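Enquirer: sequence unknown, structure follows:
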């Protein structure tokens with residue numbers, strides 16, 4: 001008898017990272033069930049997958065999740081994930097981090113499936129440790145405007161670890177640092193899509209603060225590879241997946257203006273409340289436990305990303 005393909009459930013499948021995960025897993029002979037309530041996701045991101053071994057279910061995962069048949073892996077990627085989203089959707093952000101994580105963990109427990117949580121570098125807040133190791137507890141303002149996202153993810157991590165310790169669930173936590181690539185939304189609010197869309201229109205490129213705050217940008221293909229390596233591993237402690245190459249926000253803005261051959265100029269606006277001044281992953285754990293590190297140079301990834309945005313920006 002032929003052995004069946006491993007069956008993966010991805011919550012938040014119509015989002016930027018979720019859709020890339022689904023596509024790559026399908027290429028690697030997994031069967032994929034994608035769930036999304038389309039609050040911030042877009043079916044255009046997954047339309048090309050419908051003729052594959054892929055099933056899409058429109059569902060709000062803060063409610064009970066029913067999947068017929070076996071499930072081997074649950075990848076929990078559902079959440080608003082940009083500053084614009086969680087300022088406009090503070091309560092749905094908290095609910096999907098808390099209730100949604102609880103339901104996704106419940107599905108994994110019922111199916112005896114492996115579980116991977118999409119966490120974030122935002123659990124470190126505005127960090128007092130630099131670069132950030134997984135052992136760092138963070139510096140988060142729980143009642144600030146970003147707290148709804150930061151604390152939702154911190155709670156999701158706590159619940160994931162509780163299921164691992166109490167129920168023996170094989171659970172993993174990936175802390176994702178700034179990632180860019182095709183399928184990001186034009187009006188996402190994050191630096192790379194904002195800068196590219198402004199530059200392509202020859203509009204002023206808006207830099208918040210004085211531009212000296214830093215970020216570390218990972219191309220989507222590298223991120224997906226790291227996630228899959230973690231998913232397949234026996235590692236249960238949190239793992240940073242990101243690019244340790246740190247650059248200032250002004251540097252990334254100037255790079256995008258140059259690469260788009262834009263006439264845009266940079267304008268400066270006040271830094272949003274609790275915006276992190278620095279962000280750089282320590283990826284020692286990923287290197288040693290997963291044999292993973294990013295490979296795609298920034299400008300190579302930006303070529304692909306800019307090409308995608310050219311088709312979206314009018």
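Expert: Ah, there it is. Keep in mind that this is a model prediction, so the values were computed, not measured.
Enquirer: who does residue 176 bridge with?
Expert: residue 120, residue 241 (DSSP bridges).
Enquirer: confidence score at it?
Expert: Residue 176 carries a pLDDT value of 97.
Enquirer: and the closest residue to residue 42 other than its chain neighbours, what element?
Expert: Here the nearest residue to residue 42 in space, its sequence neighbours aside, is residue 14; by CB to CB, 6 or more residues apart in numbering that works out to 5.6 Å. The C-beta positions use only the backbone N, C-alpha and C, and glycine is treated the same way. Assigning secondary structure by DSSP states H and E places residue 14 outside every helix and strand.
Enquirer: which one is residue 242 nearest to, not counting chain neighbours?
Expert: Excluding the flanking residues, the one nearest residue 242 by CB to CB, 6+ apart is residue 177, at 2.6 Å.
Enquirer: how about residue 148?
Expert: residue 90 (4.2 Å).
Enquirer: quick check: residue 103 vs residue 261, distance?
Expert: 47 Å (CB to CB, to the nearest Å).
Enquirer: I meant residue 248, not that one.
Expert: 22 Å.
Enquirer: and the two? Which one has more around it.
Expert: Between residue 248 and residue 261, counted using other CB atoms under 10 Å, residue 248 has the larger neighbour count: 17 against 9.
Enquirer: confirm for me that the more buried one is in contact with residue 210.
Expert: No - assessed by CB atoms under 8 Å, residue 248 is found out of contact with residue 210, at 9.3 Å.
Enquirer: quick one: contacts for the nearest residue to residue 126 once chain neighbours are set aside?
Expert: Leaving aside its chain neighbours, residue 126 sits nearest to residue 276 (4.6 Å; criterion: CB to CB, 6+ apart). When contacts are counted by CB atoms under 8 Å, 6 or more residues apart in numbering, residue 276 touches 122, 124, 125, 126, 127, 213.
Enquirer: name the member of those with the most neighbours.
Expert: These, ranked by neighbours (other CB under 10 Å): first place residue 124, 28 neighbours.
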